[in-house]
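Trainee: Pasted the sequence and its predicted model underneath.
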Amino acid sequence: MKVILFTLLFLFPNINIFASGNYNEMPKHQWSFDGISGTFDRASIQRGYKVYREVCAGCHSMKLLYYRDLIDIGFSADEVKAIAAEYTVLDGPNDEGEMFERSARPSDHFVSPFSNEQEARLNNNGSYPPDLSVITKAKKHGYNYIYNLLLGYKEPPEDFDIGEGMYYNQWKEGNQIAMAQPLDEDYVDYDDGTENTLPQLAKDVTTFLVWSAEPELEVRKNLGIKVVLFFIILGFIVFFAKNRLWKNVH
Amino acid sequence: MSGSSEPKKYKNSFLNWIEFRLPIVSYIEKEYKDYPMPKNCNYFWSFGALATILLVVLIISGVFLAMNYTPHTDLAFESVERIMRDVSYGWFLRYLHSNGAAFFFIAVYIHMIRSMYYGSYKYPRELNWILGVFIYLLMMATSFLGYTLPWGQMSYWGATVITNLFSAIPVIGEGLKTWILGDYNVGNATLNRFFALHYVLPFVILGVVGLHVVAVHVHGSNNPVGIDIKSKKDTVSFFPYMIIKDTLAVCVLGVIISIVIFFGPNLMAEVDNYIPANPMVTPSHIVANWYLAPFYAILRAIPDKLGGVTLMFAAILILFVLPWLDTSKTRSCNYRPIYKWFMMLFFVNFFILGYVGMKPAEGTYLLIARIGLVYYFSFLLILTPLVGKIEKPKQMPASISDIYSDINLTKSEYKKETN
């Protein structure tokens, strides 16, 4: 008991430190991947990928993903091949020593919208759209923040002094963001007939980004339940053995 | 036959063969089977074993991580993410390693608290305490080096801030900093050497842990009463009595660490470290790892850089002389009515220092850090020598086995009275 108590005592105040921040009021939402047995909604990830591909990918790279990773979210190998083929990558040098362009393969990384940071900044009013591969792990409040941010565009209050080329967002620290409102109703048409309202688009793309940041999430949680159960059961056996052994000592 | 001249000690002829040439079998038997442990030791005495197990887990997971890691500024971040995504159970290796390090510190902190509260550092175990503080120092260095390796924003800026401390040293400071970094700024040369050092230091720690264990076995373990073993009645053998308790402790640790690894692997991580290092962008506030935060708080509590660095190192180094600062002969705080409370306050104070060390150094946080700093040093330098002289310790039992007979006595007396 003491062990548990003291370890928890040590652990939890620290966790609270990390959880607290300037904007504690960040609303939390219901997600299928929350909780100890959380799983991804495959259809939602696929829709989210469509949102990413048609909207976000205009500015944001996802360099850590391969096209082959899309097989994990329910695309067939042929579909992935077709998706990859829509992009061109620079390869080479070939036998003549020349660099050449070819269409991407499933084994290629997601093709970035800009070839380097300078080009990205030039096209985005001087700011650099971050890579989205692990964005939900790289922001305080994670996926709830991303979702809220996408819905958080508002008219600035009258006394708010907004910078040149900046937009007002309720959830961004400092309330100024260089990205214009990226999503709105009807921006993306879903193939499966799901309503394309803004909250739905935001929810799907957030789910996609969580999968991208933590593709191991389902395996991890599933294994976790087994490992914790193993230690609990072994712990009970050892506990009874210990009691029996120590009974005559005192 | 060489074996025939030697009296057969073991049924197994292979063990006899080994024992004749290297008496390691009897050593293990003596130190890990028959080794007498005071029978009143509570579960605080399991944390040394837990820390050792965590160290081994860290070394093994670390070796496998190193097989897939690339110590280059352009590739380090991606190679870590590749481990998480494409290496079989790579995410497990990495989360085990990063959270294991945090739990290693938790175990060692509890181990140190136990040692301080029950006075384990006093005669004749002073050298043991010194070796322990040395391990703690090595751990801090190793964890700092390891934190640099993923080459995220916090890695880069943490390394920049900490190595900058050396430049505060007069005359040689700047040169020393450049010598450590291998460059004028934190860069590829730094990352390379930090990786090399992070790989080798854990083995040094393991070596010192070996000495630490051998040293404690010379005079035996302390116990909650803090009196020496008088007879065999006071003890139990290490195997199976302590082993089974340690195994139970491992199971409890297993449950807690698994919950963190599998369900909240990033709870103790900084979000900024998932952004690749960028020397052009400074994070809004650079924080130390929580397990080093108390010393970070002391560092920032002093407005002068050199003063802060000096006090920070003094706060750690002063621990080396704790056995000689304490003037009391009584080991256990259970029998020290005044010092006990100052000791408890010292632990709470250390915890609070850690808390403010993670907050911006301004306003109330800075004030708290300064008060905490004053208590940290006055406890060790003033209260510890002073209270030992003026305090009257409580009556102690004559032997460890007496505790149990005392309990029985009071119980039967109590029965008589109620009857």
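Mentor: Arrived safely. Values in this document were obtained by computation on a predicted structure and should not be read as measured data. Numbers count the residues shown, from 1 in each chain, chains lettered A, B, ... in the order given.
Trainee: And the residue of chain A closest to chain B?
Mentor: residue A:224 (2.5 Å; CB to the nearest CB). Every C-beta, even on glycine, is put in place using the N, C-alpha and C of the backbone.
Trainee: what about the strands in the chain?
Mentor: With no chain named, the answer covers chain A. Assigned by DSSP state E, chain A shows strands spanning A:88-91, A:100-103, A:167-168, A:176-177.
Trainee: not quite, I wanted chain B
Mentor: Under DSSP E, chain B gives strands at B:36-38, B:235-237.
Trainee: For the first one, which strands pair with it and how are they oriented?
Mentor: In the sheet containing strand B:36-38, the strands it pairs with under DSSP bridges are strand B:235-237 (antiparallel).
Trainee: Tell me the gap between the partner strand and the middle of its chain.
Mentor: The chain centroid and the centroid of strand B:235-237 are separated by 26 Å, computed with CA atoms, centre = their mean, to the nearest Å.
Trainee: Isn't residue A:224 up against residue B:259?
Mentor: Yes. Between residue A:224 and residue B:259 a contact is recorded at 7.5 Å, counting by CB atoms under 8 Å.
Trainee: Between the two, tell me which one has more neighbours.
Mentor: For residue A:224 versus residue B:259, neighbours defined as other CB atoms under 10 Å in any protein chain shown are more numerous around residue A:224 (21 against 17).
Trainee: how near is that one to residue B:92?
Mentor: Counting by CB to CB, to the nearest Å, the separation of residue A:224 from residue B:92 is 10 Å.
Trainee: quick revisit: adding distance to residue B:86, write the strands of chain B out as TSV.
Mentor: Below are those laid out as TSV (distance: least, CB to CB, whole Å):
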stretch	distance to residue B:86
strand B:36-38	47
strand B:235-237	49
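Trainee: Turn those strands into a markdown table, including mean pLDDT and distance to residue B:125.
Mentor: Shown next, in a markdown table, are these (pLDDT from 0 to 100; distance: least, CB to CB, whole Å):
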| stretch | mean pLDDT | distance to residue B:125 |
| --- | --- | --- |
| strand B:36-38 | 95 | 13 |
| strand B:235-237 | 94 | 17 |
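Trainee: out of the ones you listed, nearest to residue B:17?
Mentor: Nearest of those to residue B:17, taken as CB to CB: strand B:235-237 at 26.1 Å.
Trainee: Please identify the residue of the stretch 51-200 of chain B positioned nearest to chain A.
Mentor: residue B:91 (4.4 Å).
Trainee: That residue against residue A:216, yeah?
Mentor: Yes. The pair residue B:91 / residue A:216 is scored as a contact, 4.4 Å apart, by CB under 8 Å.
Trainee: Give me the common contacts of these two.
Mentor: Counting by CB atoms under 8 Å, 6 or more residues apart in numbering or on different chains, the common neighbours of residue B:91 and residue A:216 are B:84, B:85.
Trainee: Comparing these two, which shows the higher neighbour count?
Mentor: Shown here are residue B:91 and residue A:216; by other CB under 10 Å, residue B:91 has more neighbours (21 against 17).
Trainee: dump the residue contacts of the closest residue to the residue of chain A closest to chain B other than its chain neighbours.
Mentor: Spatially, and ignoring its direct neighbours in sequence, residue A:224 is nearest to residue B:262 (2.5 Å; CB to CB, 6 or more residues apart in numbering or on different chains). Residue B:262 makes contacts with A:220, A:221, A:223, A:224, A:225, A:227, A:228, as judged by CB under 8 Å, 6+ apart.
Trainee: rerun that using 7 Å as the cut-off
Mentor: With contact set as CB atoms under 7 Å, 6 or more residues apart in numbering or on different chains, residue B:262 has these partners: A:220, A:221, A:223, A:224, A:227.
Trainee: Go through chain B and flag its longest helix.
Mentor: In terms of residue count, the longest helix belonging to chain B (DSSP state H) is helix B:188-219.
Trainee: got it, and chain A?
Mentor: Secondary structure of chain A per DSSP H: the longest helix is helix A:217-246.
Trainee: burial count for the closest residue to residue A:191 other than its chain neighbours?
Mentor: Leaving out its chain neighbours, the residue that sits closest to residue A:191 by CB to CB, 6+ apart is residue A:50, at 7.6 Å. Neighbours of residue A:50 under the rule other CB under 10 Å: 20.
Trainee: Any figure for the gap between the closest residue to residue B:401 other than its chain neighbours and residue B:223?
Mentor: Excluding the flanking residues, the one nearest residue B:401 by CB to CB, 6+ apart is residue B:233, at 4.3 Å. Applying CB to CB, the value for residue B:233 to residue B:223 is 14 Å.
Trainee: Tell me the confidence at the spatially most central residue of chain B?
Mentor: Taking CA atoms, centre = their mean, the centroid of chain B lies closest to residue B:108, which sits 2.7 Å from it. Looking at residue B:108, its pLDDT reads 98.
Trainee: Isn't it up against residue B:51?
Mentor: Yes. Using CB atoms under 7 Å, residue B:108 makes contact with residue B:51 at a distance of 5.1 Å.
Trainee: need the residues of the stretch 101-250 of chain B near chain A, please.
Mentor: B:106, B:109, B:110, B:236, B:240, B:241, B:244, B:245, B:247, B:248, B:249 (CB under 7 Å from any CB of the partner chain).
Trainee: Quick one, which of these are buried?
Mentor: In these, burial by neighbour count holds for B:106, B:109, B:110, B:236, B:241, B:244, B:245, B:247, B:248, B:249, counting by 16 or more other CB atoms under 10 Å in any protein chain shown.
Trainee: need those residues in TSV with distance to residue A:194, can you?
Mentor: Below are those laid out as TSV (distance: CB to CB, whole Å):
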residue	distance to residue A:194
B:106	46
B:109	51
B:110	52
B:236	66
B:241	63
B:244	57
B:245	57
B:247	52
B:248	51
B:249	51
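Trainee: how far does stretch B:254-271 stretch from start to finish?
Mentor: In stretch B:254-271, first residue to last residue: 25 Å (CA to CA, to the nearest Å).
Trainee: burial of the closest residue to residue A:165 other than its chain neighbours, as a residue count?
Mentor: Nearest residue to residue A:165, sequence neighbours excluded (CB to CB, 6+ apart): residue A:125, at 4.7 Å. With neighbours defined by other CB under 10 Å, the count for residue A:125 comes to 12.
Trainee: next one: the one 3 residues further on
Mentor: For residue A:128, the number of neighbouring residues by other CB under 10 Å comes to 16.
Trainee: for it, what are its contacts?
Mentor: Under the criterion of CB under 7 Å, 6+ apart, the contact list for residue A:128 reads A:117, A:120, A:121.
Trainee: Make a ChimeraX selection of the buried ones in those residues.
Mentor: Applied in ChimeraX, the following selects the buried portion of these according to 16+ other CB under 10 Å:
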select /A:120
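Trainee: Just send the contacts of residue A:128 back as JSON lines, with distance to residue B:227 and pLDDT too.
Mentor: Shown next, in JSON lines, are these (distance: CB to CB, whole Å; pLDDT from 0 to 100):
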{"residue": "A:117", "distance to residue B:227": "67", "pLDDT": "92"}
{"residue": "A:120", "distance to residue B:227": "70", "pLDDT": "95"}
{"residue": "A:121", "distance to residue B:227": "71", "pLDDT": "94"}
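Trainee: Need the contacts of residue A:128 in JSON lines (columns: distance to chain B).
Mentor: As requested, the contacts of residue A:128 are arranged in JSON lines below (distance: CB to the nearest CB, whole Å):
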{"residue": "A:117", "distance to chain B": "10"}
{"residue": "A:120", "distance to chain B": "13"}
{"residue": "A:121", "distance to chain B": "11"}
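Trainee: Closest one of the contacts of residue A:128 to residue B:143?
Mentor: Nearest member of these to residue B:143, counting by CB to CB, is residue A:117, at 31.6 Å.
Trainee: If we ignore the residues flanking it in sequence, what's nearest that closest one?
Mentor: residue A:128 (5.7 Å).
Trainee: Kindly report the same for residue B:125.
Mentor: Per CB to CB, 6+ apart, closest to residue B:125 is residue B:219, 6.2 Å.
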